[in-house]
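>>> Let me see the structure of the following:
(chains A, B and C, ligands or ions: 2)
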Amino acid sequence: MRKFFPVEELARDSRFTQINMRQAQADPRTALVGPNAARRAKTNRLTPSRPDASEAARALMHGIFVGEIQALEGAGRTCHDFETATGSNSAAGTETDSVPFALKLDMARQAWDESRHVEISVKLGEWMGAEIGQFAENTVLFEAACSTDPVMRLAGVNRALEGLAIDVFTTMKEFGEVAGDPFLGFCEDWMLADEVTHVKMGSDWLRKVTENDPERRARALEFQSIVDKLFSFGGTRSESSDSPIGLARRFRELAGFTSDEVDEIADVSLAALEDRKAFAAAAMSSSGMSSSGMAADE
Amino acid sequence: MADPYKPRTPFAPWDRRQLPGLFDVEESARRIGNYKWAEMKLFETLGGWVATVPELDVKMRLGTHCYHHAWHAELWHKRLPELREMNPDRLTKPANDAMVRFIEALSEPEAAEQTIEKLVGVYRVFIPHFIAAYTFHRNNTSEITDAPTIRSLNFALHDELEDWRDGEMLLQSLIETPAEVDRAAAHQARLEKIMLEAGGIAGPGSIGVE
Amino acid sequence: MTVTVEPEVFRFVEFDNAMIAEVGNKLAAQLGIDRPIVVRVDETTPLGRVRATIGDTIEVTVESGAFEDSKRPRRQSEVATTINLGRILLRVRDRLHGGFGEAPLDDDIALAQMAAWETYCAGRLSRLGLRINRQRWLYNFRNRHGFSDKADAAFDAVWAADSLTWVQLEAISDAAVAVPSSA
Ligand SMILES: [Fe+2]
Ligand SMILES: [Fe+2]
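Residues are numbered from 1 along each chain as shown, chains lettered A, B, ... in the order given. Ligands and ions are numbered 1, 2, ... in the order given. This is a model prediction of the structure:
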């Protein structure tokens, strides 16, 4: 078995369809520009008052389900992809190709936790009427777990994505509690406890491993903040519409993708954004409308 | 109530533990170093395979079992300094070169179509050898002086037996044709031959017979 | 009656105007809708809301997510197109011919009542042979009526019904909602 497993080869049964970050960004409908963007972002948030709340919750649960699979795979790969640090290096794992024994133990523990999260999300998905593989699987979480530097994985996955997962789980928990769902809030509460542990693992190891390497720490923190911005509503969904492309580009650079792959995502995203802008401009000039009247959001 | 000052035998009539054991401190530590190395290779391999198996149930079991073996490695890691080995890395090593080759062959399958080979390696060869070596160690070490090792062996054995059953049942559910029976048997034989050369998880004498 | 679809050519999604029209025509015939229908697809949003206004022409506004293959972004799914167009056209038919004359405008219908009406539509669509996930609609109904045996019984009644009036549907929904969610 190879060290470092390419995201394109993540093994799935026939029910699943995967899209990567590049393909997701190629959708011009998500390259939001103009005054409608903020409004749409708001209507996208999961709240019980949304007319399509249960639909949105169901789709979100499927997203959580596939995210858990990738988190499981990422943690498992970190057990395998790196040597175990020995000698003077053993406590901190200061070399990028090795990790401390205790870090591997934490990753194995996380693999078990994520396995349970997959089990939980399968059951919750069934309960909510979702079918396995019903929605496309965005492989971005595993993409953040592809770096050849374990510290980048901890920053991108444990600190950034699992940090965001805490927000998502909290939202779901509240949603379930408001609706009186007997399982949703209960399960999310348990998963939250695990995710907080995973974020802490990321923080502890990042601090320990980069104790004497400020440059490596800075790079990891930059990666974390890019992932954060890419996935929080302030990033992709903001009106500063050009930023997501730059973020996606830097994401892939830091996640260890080749420069060709980095260029490709920038090109595709830019094309989608330009397409959207051109469409918005054409619609406005032909109708004589202000841009806020263009899209039928409600 | 009985008189609390009346002398009693230190070992109750039902406590038949014996003092003698086959292993001295050094030999126990040597074996435990081999166990730790092997458990590490096993959990690393299971972790790596998670992304490579398409079967969702297998994926989740591998993730779960990955942690079991990491925990066993941790138990052995903590036991070593108690056995006068202050540098656990020194004894964390394969029993011999054949064990290294065994791990290479075990972890070789990667393709999504090779779940049978992956599971055969772990659940029909490696884990049965863990069960054998741990059982031999538990039944032959001093029940009194080496009680901490016995306690860890019992925890590990419990997992190994449960996980073996999980893996074996997954295999039985995946093997659907006579050709797949042959595939499983061929891979098992290939790995078993290397293990024969290695003499077991802790080398020759892993289960008492050289 | 004919169904026309806008836009003619899609730019943001790979949808087929003719296929939507064909599905619409088939549904209109099956449901006995006797007015022209215009289906306007908003392809600038991936959301999936569907609305209709009834006049001499029935105008259906669809966000592109409603016709999309959820496995393959931007591609069309004939199943999703049929189910989601079917849902809205059933409600249109209910308003035109099905004893739903007293029903308020969509925007004024309480979320629980709308969930009940959607259940009524989904149950009928499943009996028309469409592949409908019953659990999905049960979950939707429970979210609006509470997770209780009484709510589930109300769901069963609405799901199995073929000729409810708005007044009957409203009564079932209101009675189910009246149960505290902890019951
Ligand atoms: Fe998780
Ligand atoms: Fe996690």
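>>> Residues of chain B that sit close to chain C?
By C-beta under 8 Å from any C-beta of the partner chain, no part of chain B sits against chain C. To be clear about C-beta, it is placed using only N, CA and C from the backbone, and glycine gets the same treatment.
>>> On the pLDDT front, check residue 164 for me.
Chain wasn't specified; assuming chain A. The score at A:Leu164 is 83. That number is its pLDDT.
>>> meant chain B actually
98.
>>> elements contacting the lengthiest helix in chain C?
Scanning chain C for the longest helix, with DSSP state H as the assignment, gives helix C:78-97. On a contact count with 3 or more C-beta pairs under 8 Å, 6 or more residues apart in numbering or on different chains; DSSP states H and E, helix C:78-97 meets helix C:17-31, strand C:50-54, strand C:58-63, helix C:111-127.
>>> Would you reformat these as JSON lines and include mean neighbour count, distance to chain A and mean pLDDT?
Shown next, in JSON lines, are the helices and strands packed on helix C:78-97 (neighbours: other C-beta atoms under 10 Å in any protein chain shown; distance: least, C-beta to the nearest C-beta, whole Å; pLDDT from 0 to 100):
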{"stretch": "helix C:17-31", "mean neighbour count": "17", "distance to chain A": "17", "mean pLDDT": "94"}
{"stretch": "strand C:50-54", "mean neighbour count": "16", "distance to chain A": "9", "mean pLDDT": "94"}
{"stretch": "strand C:58-63", "mean neighbour count": "22", "distance to chain A": "6", "mean pLDDT": "96"}
{"stretch": "helix C:111-127", "mean neighbour count": "21", "distance to chain A": "7", "mean pLDDT": "96"}
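>>> export the ones you listed to TSV and tack on distance to chain B?
Output for the helices and strands packed on helix C:78-97, formatted as TSV (distance: least, C-beta to the nearest C-beta, whole Å):
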stretch	distance to chain B
helix C:17-31	32
strand C:50-54	33
strand C:58-63	32
helix C:111-127	27
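>>> before we move on, back to that, how big is the angle separating the longest helix of chain C from strand C:50-54?
30 degrees (axes from the mean of the first three to the mean of the last three C-alpha atoms, to 10 degrees).
>>> quick one on the thing from earlier: take the helices and strands packed on helix C:78-97 and lay them out in a markdown table including distance to A:Ala26.
A markdown table is the format used below for the helices and strands packed on helix C:78-97 (distance: least, C-beta to C-beta, whole Å):
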| stretch | distance to A:Ala26 |
| --- | --- |
| helix C:17-31 | 22 |
| strand C:50-54 | 25 |
| strand C:58-63 | 19 |
| helix C:111-127 | 33 |
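>>> Could you point out which of the ones you listed sits nearest A:Leu103?
Nearest of those to A:Leu103, taken as C-beta to C-beta: strand C:58-63 at 45.8 Å.
>>> Show me the shaky parts of chain C.
Across chain C, the ranges flagged by pLDDT under 70 are C:1, C:178-183.
>>> one more time with 50, if that's ok
Counting by pLDDT under 50, chain C shows low-confidence ranges at C:181-183.
>>> what residue is smack in the middle of it?
C:Arg87 (2.4 Å; C-alpha atoms, centre = their mean).
>>> can stretch B:50-63 be found next to chain A?
Yes: residues of stretch B:50-63 contacting chain A under C-beta under 8 Å from any C-beta: B:50-56, B:59-63.
>>> if we can go back for a sec, going by neighbour count, which residues in the longest helix of chain C are buried?
Neighbour counts over helix C:78-97 (16 or more other C-beta atoms under 10 Å in any protein chain shown) mark C:80-96 as buried.
>>> Pull the residues that contact it.
The contact list for helix C:78-97 (C-beta atoms under 8 Å, 6 or more residues apart in numbering or on different chains) reads C:19-20, C:23-24, C:27-28, C:31-33, C:35, C:37, C:39, C:48, C:50-52, C:54, C:58, C:60, C:62, C:66-70, C:100-101, C:103, C:117-118, C:120-122, C:124-125, C:128, C:130-132, C:166.
>>> Would you map the strands across the chain?
Using chain A. With DSSP state E as the criterion, chain A has strands at A:18-19, A:83-84, A:98-99, A:137-138.
>>> Using JSON lines, lay out the helices and strands packed on helix C:78-97 together with distance to ligand 1.
Converted to JSON lines, those look like this (distance: least, C-beta to the ion, whole Å):
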{"stretch": "helix C:17-31", "distance to ligand 1": "39"}
{"stretch": "strand C:50-54", "distance to ligand 1": "34"}
{"stretch": "strand C:58-63", "distance to ligand 1": "31"}
{"stretch": "helix C:111-127", "distance to ligand 1": "30"}
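>>> Out of these, which gets nearest to B:Arg84?
When the helices and strands packed on helix C:78-97 are compared (using C-beta to C-beta), the closest one is helix C:111-127, at 69.8 Å.
>>> what sits up against the closest one?
So helix C:111-127 is in contact with A:49, A:51, C:83, C:86-87, C:90-91, C:94, C:103, C:106, C:109, C:132, C:134, C:137, C:140-141, C:143-145, C:154-155, C:158-162, C:164, C:169-170, C:172-174, C:176-177, going by C-beta under 8 Å, 6+ apart.
>>> change it to 7 Å
A:51, C:83, C:86-87, C:90-91, C:132, C:134, C:137, C:140-141, C:144-145, C:155, C:158-162, C:164, C:169-170, C:172-173, C:177 (C-beta atoms under 7 Å, 6 or more residues apart in numbering or on different chains).
>>> same check, this time on stretch A:116-136
Under C-beta under 7 Å, 6+ apart, the answer for stretch A:116-136 is A:15-19, A:57-59, A:61-62, A:64-65, A:68-69, A:72, A:183-184, A:187, A:191, A:194, B:60, C:70-73, C:133, C:135-136, C:138-139.
>>> quick one: pLDDT of the nearest residue to A:Arg12 once chain neighbours are set aside?
Closest residue to A:Arg12 apart from its sequence neighbours, by C-beta to C-beta, 6 or more residues apart in numbering or on different chains: B:Pro54 at 5.5 Å. What the model reports as pLDDT for B:Pro54 is 98.
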